[in-house]
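Visitor: Here is the input, now give the coordinates:
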Amino acid sequence: MKTMNYNKASLNGTIQVPGDKSISHRSVMFGAIAQGVTTVEGFLLGEDCLSTIDCFRKLGVQIDVDGNNVRIESVGIDAWREPAEVLYTGNSGTTTRLMLGILAGTNLHTVMTGDASIGKRPMRRVADPLRLMGAQIAGRDQGQFTPLAIQGTKLQAIDYTMPVASAQVKSAILLAGLRAEGTTIVRESETSRDHTERMLRQFGAQVDVTEGVVSFKGGQVLTGTHVKVPGDISSAAFFLVAGAIAPDSEIVMTNVGVNETRAGIIDVLREMEADMDVVIDDEQAAEPTATVTIRTSSLKGTTIGGAIIPRLIDEIPILALLATQANGQTIIRDAEELKVKETNRIDAVVAELKKLGADIEATDDGMIINGPTQLHGGSLKSYGDHRIGMMAAIAALITDGEVELDDAECIAVSYPTFFEHIETLVKK
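Guide: Reported below is the predicted structural model:
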């Protein structure tokens with residue numbers, strides 16, 4: 001149990017948030033698939049990304065870690081060895097789902113499992129389209145839940161229309177497509193994060209992306225390269241909100257990834273009239289970055305829904321807290337995906353913010369928040385979900401009275417230095 005009593009402190013200073021979790025995962029995956037040496041700068045040393053490294057080491061890939069720098073040496077996917085152990089993915093849905101796509105086209109038999117949370121998260125959304133490509137995947141409830149057994153085999157490309165926007169499903173299909181015969185095509189009605197498409201190009205593949213359609217030919221050989229991982233905007237989101245709602249505050253964050261498929265929170269903060277500056281560093285980089293400054297703001301309520309949801313799905317818990325301090329009503333809709341994250345984030349966010357006195361109600365696909373509301377102290381649950389835990393900690397910055405948080409350790413999944421950064425910024 002962690003006790004927090006910040007006495008409505010101001011937050012001032014400059015921080016650099018940890019490396020992007022999604023890009024860190026993919027950098028190791030692509031480095032392992034590619035031929036040659038891949039070096040990664042700014043890798044996130046969070047538990048989820050370390051699970052990805054562990055899986056590939058069990059497959060025989062040489063991976064060395066030196067601080068936030070990672071070196072992957074591989075002669076390609078055909079040289080991987082069949083692991084004697086189960087591949088353990090921990091709490092990482094990204095590792096589990098993307099590995100399904102990668103392993104489906106190998107000549108190996110593998111078994112994957114994760115922690116109790118992963119054991120409840122739906123996997124057929126990935127397994128079913130991979131089966132259309134010829135993948136042999138078995139697991140509980142027809143492959144809906146881990147443990148999952150994958151018998152690698154030859155794959156055929158498919159033309160697949162995504163039923164819902166999901167970067168994990170899209171990425172699994174694209175990664176399987178590397179080993180498939182023919183041209184793999186994935187169609188999206190709403191664009192999900194595009195780190196996989198960008199990284200395919202970075203490692204030398206020819207990929208066509210046109211109006212929500214991604215296509216490329218199988219059999220392309222990837223070549224090792226250097227990957228620079230930007231700061232994770234999903235981690236930066238917590239301090240964007242903190243700076244906007246804590247009194248007399250100004251926070252500067254450097255090297256924040258602002259890939260347009262991820263930067264929906266920037267658009268929402270502007271819509272809510274936050275006092276914020278975004279200065280782009282290099283828009284032409286593989287992953288564009290910016291220096292973002294946020295100050296205490298007079299916020300107005302808004303409606304968040306539709307095409308923007310895939311661009312900020314992980315930020316909705318902290319946006320709900322932001323909305324409790326905005327003038328008027330904020331409606332979050334079209335966010336059913338939150339129900340199948342590390343926990344049911346709709347129910348969890350509403351339950352925990354209500355404990356602090358928030359005027360918030362759950363809906364079938366989101367929530368309705370009325371503000372502004374003065375929050376009070378309370379005892380909160382993280383549900384073992386890093387984003388719920390961080391939301392609770394940021395809420396403690398503005399409450400009357402202390403906030404107790406159980407299992408605060410889960411935050412290390414994506415932001416190991418989270419509480420250090422709070423202490424760095426707090427000016428009492």
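Visitor: which residues of the stretch 301-428 of the chain fall in helices?
Guide: Assigned by DSSP state H, counting those that start in this stretch, the stretch 301-428 of the chain shows helices spanning 316-324, 345-355, 386-395, 418-425.
Visitor: most packed of the ones you listed?
Guide: Stretch with highest mean neighbour count among the helices of the stretch 301-428 of the chain: helix 386-395 (a mean of 28; mean count of other C-beta atoms under 10 Å). The C-beta positions use only the backbone N, C-alpha and C, and glycine is treated the same way.
Visitor: related to what we said a few turns ago, can you tell me which of the helices of the stretch 301-428 of the chain is nearest to Trp80?
Guide: Judged by C-beta to C-beta, the one of those that comes nearest to Trp80 is helix 386-395, at 30.0 Å.
Visitor: Any chance you could list what contacts the closest one?
Guide: With contact meaning C-beta atoms under 8 Å, 6 or more residues apart in numbering, helix 386-395 is reached by 2, 4, 234, 238-239, 241-242, 314, 317-318, 320-321, 341-343, 345, 348-349, 352-353, 356, 375, 380-382, 403, 405, 407-408, 410-415, 418-419, 422.
Visitor: looking at the helices of the stretch 301-428 of the chain, which is closest to His226?
Guide: Minimum separation from His226 across those (C-beta to C-beta) falls at helix 418-425, 26.9 Å.
Visitor: Identify all contacting residues around the closest one.
Guide: With contact meaning C-beta under 8 Å, 6+ apart, helix 418-425 is reached by 2, 6, 11-13, 15, 17, 235, 238-239, 242, 251, 390, 393, 397, 408, 411.
Visitor: Next step: the residues you listed restricted to strands.
Guide: Using DSSP state E, 2, 11-13, 15, 251 are the members of the contacts of helix 418-425 that sit in strands.
Visitor: that's a helix at Pro147, yeah?
Guide: No. The assignment for Pro147, made by DSSP: H, G, I helix; E, B strand; the rest coil, is strand rather than a helix.
Visitor: Contact partners for Asp281?
Guide: If you count contacts by C-beta under 8 Å, 6+ apart, Asp281 has them with 255, 288-291.
Visitor: do that again at 7 Å, thanks
Guide: 289-291 (C-beta atoms under 7 Å, 6 or more residues apart in numbering).
Visitor: Name the member of the residues you listed with the most neighbours.
Guide: Neighbour count (other C-beta atoms under 10 Å) singles out Ala290 as the most crowded of the contacts of Asp281, with 24 neighbours.
Visitor: all strands for the stretch 101-250 of the chain, in order.
Guide: Along the stretch 101-250 of the chain, the segments classed as strands by DSSP state E, counting those that start in this stretch run 109-113, 136-139, 145-151, 155-156, 159-161, 180-181, 183-187, 208-210, 213-217, 226-228, 250-257.
Visitor: nearest to Asn370, of these?
Guide: For Asn370, the closest of the strands of the stretch 101-250 of the chain is strand 250-257, at 26.4 Å, according to C-beta to C-beta.
Visitor: Show the subsequent helix or strand relative to the closest one.
Guide: Per DSSP states H and E, strand 250-257 leads on to helix 264-271 as the next helix or strand towards the C-terminus.
Visitor: tilt between that following helix and strand 250-257?
Guide: Angle of helix 264-271 versus strand 250-257, following axes from the mean of the first three to the mean of the last three C-alpha atoms, to 10 degrees, is 140 degrees.
Visitor: ok, residues contacting the helix or strand following helix 264-271?
Guide: Following helix 264-271 in sequence order, the next helix or strand is strand 275-280 (DSSP H and E). Contact partners of strand 275-280, identified using C-beta under 7 Å, 6+ apart, comprise 258, 266, 269-270, 288, 290-295, 297.
Visitor: rerun that using 10 Å as the cut-off
Guide: Residues outside strand 275-280 that contact it (C-beta atoms under 10 Å, 6 or more residues apart in numbering): 240, 243-244, 249-250, 252, 254, 256, 258, 263, 266, 269-270, 288-299.
Visitor: Give me the buried entries from these.
Guide: Buried subset of these (neighbour count, 16 or more other C-beta atoms under 10 Å): 240, 243-244, 249-250, 252, 254, 256, 258, 263, 266, 269, 288-297, 299.
Visitor: shouldn't Met272 be in contact with Ala323?
Guide: Yes. Using C-beta atoms under 10 Å, Met272 is in contact with Ala323, at 8.2 Å.
Visitor: what's the overlap in contacts for these two?
Guide: Common neighbours of Met272 and Ala323 (C-beta under 10 Å, 6+ apart) are 299, 301-302, 304, 330.
Visitor: which among the contacts of Asp281 gets closest to Leu100?
Guide: The nearest member of the contacts of Asp281 to Leu100, counting by C-beta to C-beta, is Thr289 at 30.3 Å.
Visitor: For Val349, see how far away that closest one is.
Guide: The gap separating Thr289 from Val349 is 29 Å, by C-beta to C-beta, to the nearest Å.
Visitor: after the helix or strand that contains Ser27 comes which helix or strand?
Guide: Counting by DSSP H and E, the element that carries Ser27 is helix 21-33. Moving toward the C-terminus from helix 21-33, the next helix or strand (DSSP H and E) is strand 35-41.
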